[in-house]
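Visitor: need a 3D model of the following:
(chains A and B)
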There are 2 protein chains.
Amino acid sequence: MITLQACQARDAADPLRGLRDLFSIAPGLIYLDGNSLGAMPKAAAARAAEVVTNEWGRDLIQSWNTAGWFSLPQRLGNRIAALIGAGPDQAVVTDTTSINLYKVLSAAMAIAKQDAPSRRVVVSERSNFPTDLYIAEGLCQAQGFTLKLVEPEEIAAAMNSDLAILMLTHVNYRTGAMHDMASVTAAAHAAGALVVWDLAHSAGAVPVDLLGAGADFAVGCSYKYLNGGPGAPAFLWVNPQHAERFWQPLSGWWGHAAPFAFTPDYQPAPGVTRYLCGTQPMVSLSLLACGLDGFDAAESLGGMAALRAKSLALTDLFIALVEERCQGFGIGLATPRDHSQRGSQVCLTREHAAGGSGAFAIVQALIARGVVGDFRAGDGGVHKDILRFGFTPLYIGFEDVWNAVEHLRLVLESAEWQRPEFNQKHAVT
Amino acid sequence: MITLQACQARDAADPLRGLRDLFSIAPGLIYLDGNSLGAMPKAAAARAAEVVTNEWGRDLIQSWNTAGWFSLPQRLGNRIAALIGAGPDQAVVTDTTSINLYKVLSAAMAIAKQDAPSRRVVVSERSNFPTDLYIAEGLCQAQGFTLKLVEPEEIAAAMNSDLAILMLTHVNYRTGAMHDMASVTAAAHAAGALVVWDLAHSAGAVPVDLLGAGADFAVGCSYKYLNGGPGAPAFLWVNPQHAERFWQPLSGWWGHAAPFAFTPDYQPAPGVTRYLCGTQPMVSLSLLACGLDGFDAAESLGGMAALRAKSLALTDLFIALVEERCQGFGIGLATPRDHSQRGSQVCLTREHAAGGSGAFAIVQALIARGVVGDFRAGDGGVHKDILRFGFTPLYIGFEDVWNAVEHLRLVLESAEWQRPEFNQKHAVT
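Guide: Numbers count the residues shown, from 1 in each chain, chains lettered A, B, ... in the order given. From the prediction side, this is the model:
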């Protein structure tokens, strides 16, 4: 039997515990949705004031030089590169994950057409994050490829002589299941295909080694585990062996070899800089630095390895407590127990005798109690409704986990979730 | 002879003068670069604090609903639509001007291929803003079109049976010359072509009537005359008759008909909403509202018509003072004198007996004196070096104009611009 006191003792003994103080988290809030929008670093408020009042308001266009706006996509890219096993000057922060996927998938298609013209299939997971599938669907139509969606267990069989590109999200947004990047990449390469990884739920959450895995392209999100702020620009990484083979199609001024020469013809910049396009939102872009500061602070405490160990301890604890304290309510586990297959979230399913999962209402009832997770609808088939809980080791503690599960138990036991106000759906993310 | 006192009297009599108080402009600064980056509305500082501390920090993912993040691209689009002669629900604010141009130019190409498959030429101006040309160059290569760059006086002759799309910037960034949108659009339509307008130097600066002109597509920038903040997301407009004819290629989640259904297949949203793609930078996006508030404040004072009248008075005054007070220094006028052909900026050229224009150094010397314009290099041929001065009628006054020209006179008379420190080039925008 796990006790509250034991959880409190684990917090007291946790060398990472002090990192929580870097974040603004309201008293009583148990925020398990950092995999949707990371919490605010306290430093972001002052940084926003600095960028708006001084860099914009006072220094105006001079800030392109004096505040370093012009090099910010690369400087932030280098900081993220250190978290995802990439080298210097291989990553940039710019635009959105969807747009960056468009760029790298376009480049991968151009390479595939040149190196393996008979291969015209792009494979992804049916439960991949939808926007990735939408971007791939549009590009496949435009470029003459076929998009084939499979279940995770069918990926191996899809690595055949038709496969041009395998496009996967490293950690699944619905289940928290994590692919073995090295072995999947090696298998795809052995089959003659390129691999594009989406690190939206990986960067800052789990160790990633893009160069070690020999990956070809990667994109990812900066406002989830990297705590960059709502809609903060996304990142992309290109393996240096591919970086200069093609223009990416969004050939804007910031990806030009000489952006201030104002020449009428496009010449792509060397390396990954050619994946930049237009002027970036400097206030939002600047705030990402505050999120990345959290990882700098963690560095002397063991860095990503220590954060990963704590993340697994948190998710192990959540699973154990749910299984210990929430029995008899139809709760199931959608996230793998195997550490090597688990990201930094735990997803639950629910079977309900009266029909329907009740998952949406349970999530709403938890939110009303200050336990913020989120709901992801199933498809009525193999993909069930999901109660999703993300655990950001920078600011979530063991007592938070105990309290979250206690609230879940109370919601289930009291049938509180059946109240009408928890069953009214509205636009959510 | 125009006197300082006469300029001061014009400020005192100017009903728009009070609008300047909405902006943060340092004492002594004469900011004539609002056509590169608009000045900061004072309200932006508090708004940034609100978005960061409350919407992000306190309310977290709830802000998608409670702070209206989800409808912000459309709400801001509707406010800009009112400034450019567009109807409700025809414009959105999202991504960058370059990326939005990619979307609308892709759609225009798709329409051209279907409606007029023999037409495969896209015409633009050689001195159009380079990023527009880079985007067009890439798309033309990918889609089998030819990009033909001409001088302004050659546009009419280029309207022939090969022309698929005429892509123009309404007000030229180098010269401030303005096209007659209605007559150019009508001529292109009569020739069987579509017209894409870039309003980067028009929106908020000159009256624009997209629907009245029957334009097909438009994009534009929100951080110049709209004062939205550095790199604030851009806007795009699609004529309703075209809006639903095609997917735009950047088919991301926010342009989906049911973005929260998380279905694996893409279904474009109705209307212009399908031109949205990925998650937007909410802090930067939110600050644009402060810039647009300036136009709301101007509404009861005559709105865009009054702002336009003041802009022309300011640029007329600048031209008159330069010609009166800066004779004998090789200064020429690159901007049309005709009001119907002039945007909200004045561009000067310079001939220098010793060779070289000296324009870069003169601009630097002016900046050191607190008169901020910018330099745009020529091409050594027909396009000369430019000293560029933007006049934002929301915050520039007649005394500012007098003082700016007086500083220019002093810089030229004293040969101050020849000092070494004003001749060192570095990255500028």
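Visitor: could you pull out the helices for chain A?
Guide: Here chain A has its helices, by DSSP state H, at A:4-13, A:43-49, A:63-66, A:72-81, A:97-115, A:130-143, A:181-190, A:210-213, A:240-243, A:282-299, A:303-325, A:359-368, A:398-414.
Visitor: may I see the buried residues of the first one?
Guide: For helix A:4-13, burial by neighbour count (16 or more other C-beta atoms under 10 Å in any protein chain shown) applies to A:7, A:10-11. Any C-beta I mention is one placed from the backbone N, CA and C, and that applies to glycine too.
Visitor: which helices and strands does that helix pack with?
Guide: Packing contacts for helix A:4-13, counted by 3 or more C-beta pairs under 8 Å, 6 or more residues apart in numbering or on different chains; DSSP states H and E, involve helix A:398-414.
Visitor: ok, back up a step: make JSON lines out of the helices of chain A and add mean pLDDT and distance to B:V150.
Guide: Output for the helices of chain A, formatted as JSON lines (pLDDT from 0 to 100; distance: least, C-beta to C-beta, whole Å):
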{"stretch": "helix A:4-13", "mean pLDDT": "98", "distance to B:V150": "69"}
{"stretch": "helix A:43-49", "mean pLDDT": "98", "distance to B:V150": "45"}
{"stretch": "helix A:63-66", "mean pLDDT": "96", "distance to B:V150": "31"}
{"stretch": "helix A:72-81", "mean pLDDT": "98", "distance to B:V150": "33"}
{"stretch": "helix A:97-115", "mean pLDDT": "98", "distance to B:V150": "29"}
{"stretch": "helix A:130-143", "mean pLDDT": "97", "distance to B:V150": "29"}
{"stretch": "helix A:181-190", "mean pLDDT": "98", "distance to B:V150": "47"}
{"stretch": "helix A:210-213", "mean pLDDT": "98", "distance to B:V150": "45"}
{"stretch": "helix A:240-243", "mean pLDDT": "96", "distance to B:V150": "35"}
{"stretch": "helix A:282-299", "mean pLDDT": "98", "distance to B:V150": "34"}
{"stretch": "helix A:303-325", "mean pLDDT": "98", "distance to B:V150": "55"}
{"stretch": "helix A:359-368", "mean pLDDT": "96", "distance to B:V150": "58"}
{"stretch": "helix A:398-414", "mean pLDDT": "97", "distance to B:V150": "64"}
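Visitor: redo those helices as a markdown table? Include distance to A:K425.
Guide: Shown next, in a markdown table, are the helices of chain A (distance: least, C-beta to C-beta, whole Å):
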| stretch | distance to A:K425 |
| --- | --- |
| helix A:4-13 | 33 |
| helix A:43-49 | 31 |
| helix A:63-66 | 44 |
| helix A:72-81 | 35 |
| helix A:97-115 | 24 |
| helix A:130-143 | 18 |
| helix A:181-190 | 36 |
| helix A:210-213 | 38 |
| helix A:240-243 | 43 |
| helix A:282-299 | 29 |
| helix A:303-325 | 25 |
| helix A:359-368 | 7 |
| helix A:398-414 | 18 |
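Visitor: closest to A:R174 out of the buried residues of helix A:4-13?
Guide: Set against A:R174, the nearest of the buried residues of helix A:4-13 by C-beta to C-beta is A:C7 (27.3 Å).
Visitor: OK, contacts around that closest one?
Guide: A:317, A:397-399, A:401-402 (C-beta atoms under 8 Å, 6 or more residues apart in numbering or on different chains).
Visitor: apply 6 Å and report the result again.
Guide: By C-beta atoms under 6 Å, 6 or more residues apart in numbering or on different chains, the contact list for A:C7 reads A:398-399, A:402.
Visitor: cool, and A:F235?
Guide: By C-beta under 6 Å, 6+ apart, the contact set of A:F235 is A:80, A:91, A:93, A:220.
Visitor: equivalent analysis for A:A44, please.
Guide: Contact partners of A:A44, counting by C-beta under 6 Å, 6+ apart, are A:287, A:290, B:52.
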